[in-house]
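Student: I'd like to go over a predicted model; first the sequence, then the structure.
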Amino acid sequence: MAPKAIRPDVVVVGGGIGGLSTALALTQKGLRVRVLERAAEFGEVGAGLQIAPNCTRILARWGLLEEVKSLGVLPRNIVMKDAVDGSELSRLDLADVEARYGFPYLVIHRSDLHGTLLRACQRAGVDLVTDVKVTGYEQTAVGAAAVHDGGREEAPVVIAADGLHSVARRLLSDDAPVSSAYVAYRGAMPVEQIAEHSVSLSDVVVYVGPKCHFVQYPLRQGEMFNQVAVFESPKALAGQEDWGTPDELEAAFEGTCDMVREGLPLMWRDRWWRMFDREPLMDWVQGRIALTGDAAHPPLQYLAQGAVMAMEDAWVLAEHVGAQLAAGRAADALDWDAALAAYNAVRPEHCRRVLTTARSWGELWHLTGDARLWRNEIMRRRDVRDYGYVDWLYGPTALTPEEEPAMFLPHGERTDVGVPA
């Protein structure tokens, strides 16, 4: 699809959830936005994802929450269990979560969320361009440019939503993706396939075990069922290139309970996802080029905040732009340096917290031996309405550093010794 002739106010590189969210949020403020997607058509691969109240709040402000709810599931609880003996360790009552934070916790197929954002962008008039492979970025006299195989796209600002292997990130850091040595297998299937299984069709259930975990929840109004199996790969630890293979999947879950093992045959075996993140990056802006989404902060998935953070990025940037427009600035006279500076002042620190906490949370999930038993006891002692570990995540998204809430206290500094859920 060829771009429109008119010059955009913003070029967004990447048509995934982060890129489309950025385009939609800025277009809703009255800007002309062009999205450059390298694939032949817009789409998203994967299976289910979880959206916490800090993001359903934003979807509501974009006018998309009801559509997203109609495509997903509002689970009743998040239940954490021990993967070895199947016993319950802790839970979050999600009706109580919604009452506390004002917005629901939901689960949805990744392609359904992406489709919702894509349709919203089309309705809003975003210029959606496919088959464009961006290979570089440049500062220009008018702002910035995305350089691609067919030429270049210029605008007052370029937002790079180009993912884990971001080209734009190289302008700010020479770092590389960090392998966790863990791999994820997924499987989303018609719910009839698990009719005889011992599963919950109303909860998100997470089994945590020695160097592995297993997640289950329903999708698409209960018509589908999603599973995720994650484990540490011995081949990865040994430095082998062929790691995370199906034989390792079977071996990793040998010692788990029946409820976990009966779900393993339903996992897709023709693809798997090696789990990488990056070290936190505390500066996302160079001139008129800014990072967003996984280009800025690819996390390990243990807090279920990857897509959420990308949508938060979009909302924060658009709110700072919107404040200028509300003060009387014209769209073609925005102080982009000020807007990007405000964005850069708040989002990197929040996402640093998420990235580092996700790593620690993953370590806690995967403890072995006596440490696993200690973890189980700590989790069982948590009160179901203890939100000390998630208030900093699930509350309103901060627009300034002063609005960023305090982090939770580590185990040793709390008198009640709860656990994040």
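Tutor: In hand now; what should we look at?
Student: and Tyr137, which of the three is it?
Tutor: Under DSSP: H, G, I helix; E, B strand; the rest coil, Tyr137 falls in the strand class.
Student: wait, it touches Ala168, no?
Tutor: Yes: with contact defined as CB atoms under 8 Å, Tyr137 reaches Ala168; the gap is 5.2 Å. (C-beta placed from N, C-alpha, C; glycine too.)
Student: shared neighbours, these two?
Tutor: Both Tyr137 and Ala168 are in contact with Val158, Ala160, Ile289, where contact means CB atoms under 8 Å, 6 or more residues apart in numbering.
Student: following element in sequence after the helix ranked longest in the chain, please.
Tutor: Ranked by residue count under DSSP state H, the longest helix found in the chain is helix 336-365. Next along the chain after helix 336-365, taking DSSP states H and E as the criterion, comes helix 369-381.
Student: that next one vs helix 336-365, what angle?
Tutor: For helix 369-381 against helix 336-365, the angle by axes from the mean of the first three to the mean of the last three CA atoms, to 10 degrees is 110 degrees.
Student: show me the contacts for Arg220.
Tutor: Leu71, Gly72, Val73, His109, Asp112.
Student: now Thr292
Tutor: Gly18, Gly19, Thr22, Ile159, Ala160, Ala161, Trp284, Ala310, Asp313, Ala314, Leu317.
Student: any chance of those in TSV with distance to Pro265 as columns?
Tutor: TSV is the format used below for these (distance: CB to CB, whole Å):
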residue	distance to Pro265
Gly18	34
Gly19	36
Thr22	40
Ile159	43
Ala160	40
Ala161	36
Trp284	43
Ala310	33
Asp313	38
Ala314	39
Leu317	44
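Student: check those against Gln122 and report the nearest one.
Tutor: Gly19 (14.0 Å; CB to CB).
Student: Ala39: how many residues sit nearby?
Tutor: Residues lying near Ala39 (other CB atoms under 10 Å) number 12.
Student: and what about it, helix, strand or coil?
Tutor: Going by three-state DSSP: Ala39 is coil.
Student: residues of the longest strand anywhere in the chain that come out buried?
Tutor: Ranked by residue count, the top strand of the chain under DSSP state E comes out as strand 178-190. For strand 178-190, burial by neighbour count (16 or more other CB atoms under 10 Å) applies to Ser180, Ala181, Tyr182, Val183, Ala184, Tyr185, Arg186, Gly187, Ala188, Met189.
Student: do the same with stretch 213-231
Tutor: So for stretch 213-231, counting by 16+ other CB under 10 Å, buried means 213-220, 224-231.
Student: distance between it and the chain's centre?
Tutor: 16 Å (CA atoms, centre = their mean, to the nearest Å).
Student: cool, stretch 77-87 as well?
Tutor: 23 Å.
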